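Participant: Sequence first, then the predicted structure, then my questions.
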Amino acid sequence: MQLKPLVRSLAVALSVLAVAGCSSTGGTQDGDAYGSQSGSTAGAGTGSGVGTSGTGQYGSTSGGAGQQADSRIPEVRTIYFDYDRDSIKSEYESVVMAHARYLQSNPNARVTLQGHTDERGTREYNMALGERRARAVQRFLNIQGVSPSQMSVVSYGEERPAVNGQGESAYSQNRRVVFSY
């Protein structure tokens, strides 16, 4: 029966609306800032989207409901994952939804979803986990109506850490998917 996917989509949409209303801005969630530290992230994006004072999480809000204009790439381009997990955390659903809106309203735009892991685990396992994380984001975007031709997936596993070092502080910043336009 088709009702279950519809109910699930409706539940996700309501959750996103609730989270979007409670979201806060964070300066450390931008994938470009991490990419520029290592200098080796290919295709980190065309604009940094960093350092715009007085703006909301997704860019300047010009007298409206606080939503970003669909013609601008969302500022937050990195979402983070729990250890050994590939499910999107509820706190990042609004970020992924913003990217879905952007991609839907800009059918010529393309994004590469870059999956990353921390250094724990074998190289092969981490490559597979990075791909699973990126594919989870791809599926979410696809459910929201983004064309599969606009998305590509790449896994870097543990090879391109955002933060060097050991310990949960570094590990948590390396378990991520970066939206690269």
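Facilitator: Sure thing, it's come through. Numbering: from 1, shown residues only.

Participant: Any regions of this protein where pLDDT drops low?
Facilitator: Applying pLDDT under 70 to the chain flags residues 1-69.

Participant: And the strands in it?
Facilitator: Listed in chain order, the strands of the chain (DSSP state E) span 78-80, 111-116, 151-157, 176-180.

Participant: and the ones you listed as a markdown table, adding mean neighbour count?
Facilitator: The C-beta positions use only the backbone N, C-alpha and C, and glycine is treated the same way. Putting the strands of the chain into a markdown table (neighbours: other C-beta atoms under 10 Å) gives the following:
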| stretch | mean neighbour count |
| --- | --- |
| strand 78-80 | 22 |
| strand 111-116 | 25 |
| strand 151-157 | 19 |
| strand 176-180 | 26 |
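
Participant: Serialize those strands to JSON lines and add fields for distance to Ser71.
Facilitator: Converted to JSON lines, those look like this (distance: least, C-beta to C-beta, whole Å):
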{"stretch": "strand 78-80", "distance to Ser71": "21"}
{"stretch": "strand 111-116", "distance to Ser71": "15"}
{"stretch": "strand 151-157", "distance to Ser71": "19"}
{"stretch": "strand 176-180", "distance to Ser71": "16"}
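
Participant: Of all the ones you listed, which one is nearest Arg132?
Facilitator: With distances scored as C-beta to C-beta, the stretch of the strands of the chain nearest to Arg132 is strand 111-116 (7.3 Å).

Participant: Dump that closest one to CSV, restricted to CA.
Facilitator: C-alpha atoms of strand 111-116 as CSV (Å, rounded to 0.1, in the frame of the first residue of the first chain):
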residue,chain,number,x,y,z
VAL,A,111,26.4,18.4,-6.1
THR,A,112,28.9,15.8,-5.1
LEU,A,113,28.2,14.2,-1.7
GLN,A,114,31.6,13.5,-0.1
GLY,A,115,31.4,10.8,2.6
HIS,A,116,34.1,10.8,5.3
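
Participant: mind listing the helices for this protein?
Facilitator: Ranges of helices in the chain, per DSSP state H, are 3-22, 31-38, 93-105, 123-143, 168-174.

Participant: Which elements pack onto the longest one?
Facilitator: Spelled out, it's helix 123-143. Packing contacts for helix 123-143, counted by 3 or more C-beta pairs under 8 Å, 6 or more residues apart in numbering; DSSP states H and E, involve helix 93-105, strand 111-116, strand 151-157, strand 176-180.
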